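**Q** need a structure here:
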Amino acid sequence: MFELLRNMRIDTTEICLNTLSDYEKPYVDRLASLRGNIDVVAVSPQSTQFEPQLFSPNVRVRADAENIFRRVCYSCFAFGAKFYTFRGPINLNRTKTFDYARLAQRFSQLADIAATYGVTLSLKNMSWSFAATPEFFAKLFDKCPRLFATFGVYHAELAGYDIRDFLDVCPAQRVSMIEVRDFVKNDWCLPGKGKYRFDRLFADLDKRRVTAPVMFAASNDSYTDFLQIRDGYEFLLNEYKSVAK
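**A** Residues are numbered from 1 along each chain as shown. The predicted model follows:
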């Protein structure tokens, strides 16, 4: 994948680790050795495998989850990534009230662990998680000054919000990444294949002085060859250039 990115003249990415064996040091070190000049902004694990357990009241459960958490933090270090894209607890019951003091204490503990690897936690607004609403970010960030945010258009829309609603409650300097997707007829697709107004988004980010990188997620059912991904990348570049003039 690193070679494919270089061939498409893409120099910035996020690394997604998908299974427990991906977090093992030999695999991570081998993969990191292939990175070359690609800038890895963040590492994103398959969070549902262990991140909810980081908040378990059971000490042994938390300890096992922390062991995996530390491996992901090491992965960030190995790839030279400053951020760990974090999702945290799953909100299966659609709870709307949270103990922010308790959550902030745990997030701060995890941030301390990540910091020993030179890594910063960046909470993502997943529609199925505690962090599905702008209110959650506003209240948690007030108590966790070291926490950053990754905001995605897709999950903001799924939760019934515009991404700007999240940007309204987060200082520009605490946004680590913006994730985008295009959509048409309520179905998500590669940038340029739908109707999302990326020019408006870029103009809004510029107005807010958000300098975080913008990434687009390419799900495997949204393309048939890598040239389509390259076209999506070129489309976003042109949209950005039209605003930056």
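**Q** CA atoms for contacts and neighbours, from now on please.
**A** Fine.
**Q** Over to stretch 154-164 now: how far is its first residue from its last?
**A** 12 Å (Cα to Cα, to the nearest Å).
**Q** Quick one: list the elements packing against the one helix or strand residue 60 maps to.
**A** Using DSSP states H and E, residue 60 sits in helix 59-79. Here helix 59-79 touches helix 25-32, strand 39-44, strand 83-86, helix 100-115, going by 3 or more Cα pairs under 8 Å, 6 or more residues apart in numbering; DSSP states H and E.
**Q** and residue 17, which of those is closest to it?
**A** Distance to residue 17, taken as Cα to Cα, is lowest for strand 39-44 among these, at 6.1 Å.
**Q** Name the residues of that closest one that are buried.
**A** Residues 40, 41, 42, 43, 44 are the ones in strand 39-44 that count as buried (16 or more other Cα atoms under 10 Å).
**Q** Identify the residues contacting that strand?
**A** Contacts of strand 39-44 from elsewhere in the structure, counted by Cα atoms under 8 Å, 6 or more residues apart in numbering, are 11-17, 72, 75-76, 79-86.
**Q** what does stretch 180-194 give?
**A** By Cα under 8 Å, 6+ apart, stretch 180-194 touches 152-154, 195-196, 214-218, 222-223, 228-229, 232-233, 235-236.
**Q** try it again with 6 Å
**A** 152, 153, 195, 196, 216, 222, 232, 235 (Cα atoms under 6 Å, 6 or more residues apart in numbering).
**Q** Looking at the residues you listed, state which has the most neighbours.
**A** Of all these, residue 152 has the most neighbours under the rule other Cα atoms under 10 Å, reaching 24 neighbours.
**Q** Settle this for me: that residue is touching residue 177, isn't it.
**A** No: using Cα atoms under 6 Å, residue 152 is not in contact with residue 177; the gap is 8.4 Å.
**Q** For residue 84, give the beta-bridge partners.
**A** With DSSP bridges as the criterion, residue 84 is bridged to residue 43, residue 121.
**Q** Next: residue 184.
**A** Those that pair with residue 184 in a beta bridge, by DSSP bridges, are residue 187.
**Q** still on that earlier bit, buried subset of the contacts of strand 39-44, written for ChimeraX?
**A** Only the buried entries of those go into this ChimeraX selection, using 16+ other Cα under 10 Å:
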select :12,13,14,15,17,72,75,76,79,80,81,82,83,84,85,86
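**Q** got the buried residues of strand 39-44 as a markdown table, with pLDDT and distance to residue 168 columns?
**A** Shown next, in a markdown table, are these (pLDDT from 0 to 100; distance: Cα to Cα, whole Å):
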| residue | pLDDT | distance to residue 168 |
| --- | --- | --- |
| 40 | 98 | 27 |
| 41 | 97 | 23 |
| 42 | 98 | 23 |
| 43 | 98 | 25 |
| 44 | 97 | 24 |
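**Q** now, which of the residues you listed sits nearest residue 65?
**A** Nearest to residue 65 among these: residue 44, at 15.5 Å, using Cα to Cα.
**Q** mind checking how far that closest one is from residue 235?
**A** For residue 44 relative to residue 235 (Cα to Cα), the value is 25 Å.
**Q** excluding its backbone neighbours, what's nearest residue 134?
**A** Computed as Cα to Cα, 6 or more residues apart in numbering, the closest residue to residue 134 that is not its neighbour in sequence is residue 166, at 4.9 Å.
**Q** pLDDT wise, what is that neighbour at?
**A** Looking at residue 166, its pLDDT stands at 98.
**Q** That one falls within a helix, correct?
**A** Yes: Residue 166 forms part of a helix when assessed by DSSP: H, G, I helix; E, B strand; the rest coil.
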